[in-house]
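[1] Could you look at this predicted model? Sequence included:
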Amino acid sequence: MNTLLSDWIAIIPAKGHSDAVQCKNLQILGDMPLFWHSVRYARAEGVTPVVSTDDPVIKRYALKRGCGVVDERVDDSSQANCVRQVMEAIGSVRRYVILQPTSPIRRPGLLSEIMAMEAPCVYTAQRIKVVGYLDGEMAVQLRRQDASRWLWQYDGAMLTGTRDMAQAGILFTPDAVKVEQRAPYTLQIDSAHDFNLMRVLYDYFHCR
């Protein structure tokens, strides 16, 4: 096995409960549950996926298809707790990448590029032009090419870290490296409306 790849796992946080969309991770997108798209992406990039879940249906689905599963022991929404539990359970890898199921459309090859970077913490982000107050100052730059100050927002697609970060409960470091993404890769499913839009995009990408 490639030494680089053997140092990594892909953590897919897939809780059973969702406030915005009922049983969101089990909702079908294309021909599979939402969370499984992240598992499939990890495998395509050569990284071992591990599903973290508190849901017996998700657990059975993953195990039946040969995917590792870690039972979530803490009933909260803390991603740091999720990562720490998975890294403690696996015990043999130094690096991880979080693949949020709510961002099922990812650019092929991007994860491989990110893993080749030397930075311990890398995250995908969308660059947002600010029209309004930023750091107490008014920023009004209506044209994108004129903007000099930007908000970099984590888009949920990928976030890497180390075992030491997981043990300390740290998700982002001060020197975290951002990798810019643009639509449609920045779309996250946070509502039923988002899910309907994602279904349209998914059909467009896979039915051409």
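    Sure thing, it's come through.
[2] for residue 187, helix, strand, or coil?
    coil (DSSP: H, G, I helix; E, B strand; the rest coil).
[3] Go ahead and confirm it touches residue 197.
    Yes. Counting by CB atoms under 8 Å, residue 197 is a contact partner of residue 187 at 6.9 Å. (Glycine included, C-beta is placed from N, CA and C.)
[4] Looking at these two, which is more packed in?
    Set residue 187 next to residue 197 and count neighbours by other CB atoms under 10 Å: residue 187 wins out with 20 against 14.
[5] Would you mind giving both backbone torsions of residue 124?
    As for residue 124, its main-chain torsions (degrees, to the nearest 10) stand at phi -90, psi 140.
[6] quick one on the thing from earlier: name the residues contacting each of residue 187 and residue 197.
    In terms of CB atoms under 8 Å, 6 or more residues apart in numbering, residue 187 and residue 197 are not both contacted by any residue.
[7] Point out where the chain drops to low pLDDT.
    Scanning the chain with the threshold set as pLDDT under 70 gives 1-5, 74-76, 130-149, 206-208.
[8] which one's the longest strand in it?
    Secondary structure of the chain per DSSP state E: the longest strand is strand 150-162.
[9] Pull the residues that contact that strand.
    By CB under 8 Å, 6+ apart, the surrounding residues in contact with strand 150-162 are 83, 94-100, 102-103, 106, 110-111, 114-115, 119-130, 134, 170-172, 178-179, 181, 185-186, 188.
[10] May I see the PyMOL selection of the buried members of these?
    Command for PyMOL that selects the buried part of the contacts of strand 150-162, burial taken from 16 or more other CB atoms under 10 Å:
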select buried, resi 83+95+96+97+98+99+100+102+103+106+110+111+114+115+120+121+122+123+124+125+126+130+170+171+178+179+181+185+186+188
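[11] buried set for the longest helix seen in the chain?
    Using DSSP state H, we find that the single longest helix of the chain is helix 192-206. Using 16+ other CB under 10 Å as the test for burial, helix 192-206 gives 194, 195, 198, 202.
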